[in-house]
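K.L.:
With the sequence up front, the predicted model follows.
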Amino acid sequence: MAQAMRPNTVGGLFATDGKSHPIQDTLLVVTLVLGITSFITAQFHFLHLLSSWTGLVGILAGAYGQWISETTRERFGLIVGLGASGVGFFLGMAHGGLFGGF
(Lines give C-alpha, C1' and ligand atoms only; values in the text may rest on other atoms or scores of the structure.)
Protein backbone atom coordinates (compact mmCIF):
# COMPACT_ATOMS: atom_id res chain seq x y z
CA MET A 1 0.00 0.00 0.00
CA ALA A 2 2.89 2.37 -0.69
CA GLN A 3 0.85 4.27 -3.26
CA ALA A 4 -1.62 5.32 -0.57
CA MET A 5 1.16 7.26 1.20
CA ARG A 6 2.26 9.34 -1.79
CA PRO A 7 1.32 13.02 -1.71
CA ASN A 8 -1.05 14.40 -4.31
CA THR A 9 0.94 16.73 -6.59
CA VAL A 10 -1.83 17.53 -9.05
CA GLY A 11 -2.05 21.16 -7.79
CA GLY A 12 -0.08 22.72 -10.64
CA LEU A 13 2.46 22.11 -13.33
CA PHE A 14 5.36 23.71 -11.47
CA ALA A 15 4.19 23.39 -7.87
CA THR A 16 5.48 20.06 -6.58
CA ASP A 17 4.51 20.91 -3.02
CA GLY A 18 0.81 21.28 -3.86
CA LYS A 19 0.73 25.03 -3.20
CA SER A 20 0.23 27.85 -5.65
CA HIS A 21 3.28 30.01 -6.50
CA PRO A 22 2.00 32.71 -8.88
CA ILE A 23 4.99 35.07 -8.57
CA GLN A 24 7.54 32.31 -9.08
CA ASP A 25 5.60 30.86 -12.02
CA THR A 26 5.35 34.30 -13.63
CA LEU A 27 9.10 34.87 -13.26
CA LEU A 28 9.72 31.42 -14.72
CA VAL A 29 7.64 32.15 -17.82
CA VAL A 30 9.15 35.64 -18.24
CA THR A 31 12.69 34.26 -17.94
CA LEU A 32 12.01 31.50 -20.46
CA VAL A 33 10.39 33.86 -22.98
CA LEU A 34 13.17 36.43 -22.66
CA GLY A 35 15.83 33.72 -22.85
CA ILE A 36 14.40 32.15 -25.98
CA THR A 37 13.95 35.57 -27.61
CA SER A 38 17.48 36.60 -26.72
CA PHE A 39 18.99 33.33 -27.92
CA ILE A 40 17.17 33.37 -31.27
CA THR A 41 17.78 37.04 -32.03
CA ALA A 42 21.46 36.71 -31.12
CA GLN A 43 21.92 34.59 -34.23
CA PHE A 44 21.40 37.72 -36.37
CA HIS A 45 24.06 40.43 -36.23
CA PHE A 46 21.66 43.32 -36.90
CA LEU A 47 19.40 42.38 -33.94
CA HIS A 48 22.11 42.87 -31.31
CA LEU A 49 20.14 45.57 -29.45
CA LEU A 50 17.16 43.25 -28.97
CA SER A 51 19.27 40.24 -28.02
CA SER A 52 21.48 42.10 -25.56
CA TRP A 53 18.61 43.88 -23.78
CA THR A 54 16.32 40.84 -23.58
CA GLY A 55 19.30 38.80 -22.39
CA LEU A 56 20.12 41.30 -19.65
CA VAL A 57 16.52 41.55 -18.43
CA GLY A 58 16.21 37.74 -18.62
CA ILE A 59 19.32 37.32 -16.49
CA LEU A 60 18.00 39.74 -13.87
CA ALA A 61 14.52 38.19 -13.81
CA GLY A 62 15.97 34.68 -13.63
CA ALA A 63 18.35 35.60 -10.82
CA TYR A 64 15.51 37.05 -8.75
CA GLY A 65 13.37 34.02 -9.59
CA GLN A 66 16.12 31.70 -8.36
CA TRP A 67 16.32 33.68 -5.15
CA ILE A 68 12.61 33.30 -4.35
CA SER A 69 11.91 29.91 -5.99
CA GLU A 70 10.51 27.17 -3.80
CA THR A 71 10.44 24.00 -5.89
CA THR A 72 12.92 22.06 -8.00
CA ARG A 73 10.75 22.33 -11.12
CA GLU A 74 10.80 26.12 -10.89
CA ARG A 75 14.57 26.14 -10.44
CA PHE A 76 15.10 23.83 -13.41
CA GLY A 77 13.09 26.05 -15.76
CA LEU A 78 14.81 29.15 -14.43
CA ILE A 79 18.24 27.66 -15.09
CA VAL A 80 17.26 26.86 -18.69
CA GLY A 81 16.00 30.43 -19.16
CA LEU A 82 19.09 31.88 -17.49
CA GLY A 83 21.39 29.89 -19.77
CA ALA A 84 19.57 31.01 -22.91
CA SER A 85 19.52 34.61 -21.66
CA GLY A 86 23.23 34.50 -20.89
CA VAL A 87 24.18 33.14 -24.29
CA GLY A 88 21.94 35.66 -26.04
CA PHE A 89 23.26 38.51 -23.92
CA PHE A 90 26.91 37.73 -24.56
CA LEU A 91 26.41 37.18 -28.29
CA GLY A 92 24.46 40.44 -28.46
CA MET A 93 27.31 42.20 -26.67
CA ALA A 94 29.80 40.70 -29.12
CA HIS A 95 27.73 41.89 -32.09
CA GLY A 96 27.42 45.50 -30.97
CA GLY A 97 26.29 45.83 -27.38
CA LEU A 98 23.47 47.46 -25.50
CA PHE A 99 23.65 50.86 -27.15
CA GLY A 100 24.47 50.07 -30.77
CA GLY A 101 28.20 50.63 -30.95
CA PHE A 102 30.02 48.74 -33.69
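P.N.:
Sure, I can see it.

K.L.:
all contacts plus neighbour counts: C-alpha atoms, from now on.
P.N.:
Noted.

K.L.:
Poorly predicted segments of the chain, please.
P.N.:
By pLDDT under 70, the low-scoring segments of the chain are 1-16, 101-102.

K.L.:
Please name the nearest non-neighbouring residue to residue 69.
P.N.:
Nearest residue to residue 69 in three dimensions, chain neighbours excluded: residue 24, at 5.9 Å (C-alpha to C-alpha, 6 or more residues apart in numbering).

K.L.:
Settle this for me: the one you found is touching residue 68, isn't it.
P.N.:
Yes: using C-alpha atoms under 8 Å, residue 24 is in contact with residue 68, at 7.0 Å.

K.L.:
which one of these two has more residues nearby?
P.N.:
Neighbours were counted for residue 24 and for residue 68 using other C-alpha atoms under 10 Å; residue 24 has more, 24 against 14.

K.L.:
sorry, back to before: and the helix or strand hosting the residue nearest to residue 69, what does it pack onto?
P.N.:
For residue 24, the element it lies in under DSSP states H and E is helix 22-41. Counting contacts by 3 or more C-alpha pairs under 8 Å, 6 or more residues apart in numbering; DSSP states H and E, helix 22-41 is packed against helix 48-68, helix 72-95.

K.L.:
Can you redo those helices as TSV, where the extra columns are distance to residue 37?
P.N.:
Output for the helices and strands packed on helix 22-41, formatted as TSV (distance: least, C-alpha to C-alpha, whole Å):
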stretch	distance to residue 37
helix 48-68	7
helix 72-95	8
